[in-house]
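Chemist: generate coordinates for the sequence data below:
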Amino acid sequence: MEQARYDGITNAITKWIAMNSRPTNIVTDDGLQAVIHAASGNLSYTLPSRPVIDARICDLYASQKSKIKNLLDSATHVALTADYWS
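Modeler: Sure thing, here's the model as predicted:
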């Protein structure tokens, strides 16, 4: 499998884990491996290890933090509100 495709699948799994509060040990699940094989049509893809997912989540966080910081730095006005109802 070409590296760009492998990275794309790994990044999608990383985002799914981070955005849906899934445990990182889900990458050790044989069922998830079977789903990825069926969805991608590529049996050579192996799920990344937990440390790889952990590192990519940290990278994703740093990237998003930087984007938000840049948006806030360039904003002329910022409004903050609190929701006491939920």
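Chemist: which residues does residue 9 contact?
Modeler: Residues counted as contacts of residue 9 (Cβ atoms under 8 Å, 6 or more residues apart in numbering) are 36, 40, 45. For the C-beta atoms, the positions are set from N, CA and C on the backbone; glycine is no exception.
Chemist: tell me who's in contact with the first one.
Modeler: By Cβ under 8 Å, 6+ apart, the contact list for residue 36 reads 9, 13, 45, 47.
Chemist: leaving out the residues flanking it, which one is nearest to the residue nearest in space to the middle of the chain?
Modeler: Closest residue to the average C-alpha location of the chain: residue 15 at 1.9 Å, with Cα atoms, centre = their mean. Excluding the flanking residues, the one nearest residue 15 by Cβ to Cβ, 6 or more residues apart in numbering is residue 60, at 6.8 Å.
Chemist: residue 14 is in contact with the one you found, correct?
Modeler: Yes. Here residue 60 reaches residue 14: they are 6.3 Å apart, a contact under Cβ atoms under 8 Å.
Chemist: what about the two, which has more around it?
Modeler: residue 14 (21 against 16; other Cβ atoms under 10 Å).
Chemist: okay, and the more buried one sits in which element?
Modeler: helix 3-19 (DSSP states H and E).
Chemist: what's the answer for residue 52, then?
Modeler: Applying DSSP H and E, one finds residue 52 within helix 50-74.
Chemist: quick one, that helix and helix 3-19 angle?
Modeler: Angle, helix 50-74 to helix 3-19, by axes from the mean of the first three to the mean of the last three Cα atoms, to 10 degrees: 80 degrees.
Chemist: list the contacts of helix 50-74.
Modeler: Against helix 50-74 from outside (Cβ under 8 Å, 6+ apart): 10-11, 13-15, 17-18, 24-25, 27-28, 48, 78.
Chemist: now distance to residue 67 and pLDDT too, for those, in TSV please.
Modeler: Listed next are the contacts of helix 50-74 as TSV, based on distance: Cβ to Cβ, whole Å; pLDDT from 0 to 100:
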residue	distance to residue 67	pLDDT
10	21	93
11	16	94
13	21	95
14	17	96
15	14	96
17	20	96
18	15	96
24	23	95
25	28	95
27	26	95
28	31	95
48	24	94
78	15	91
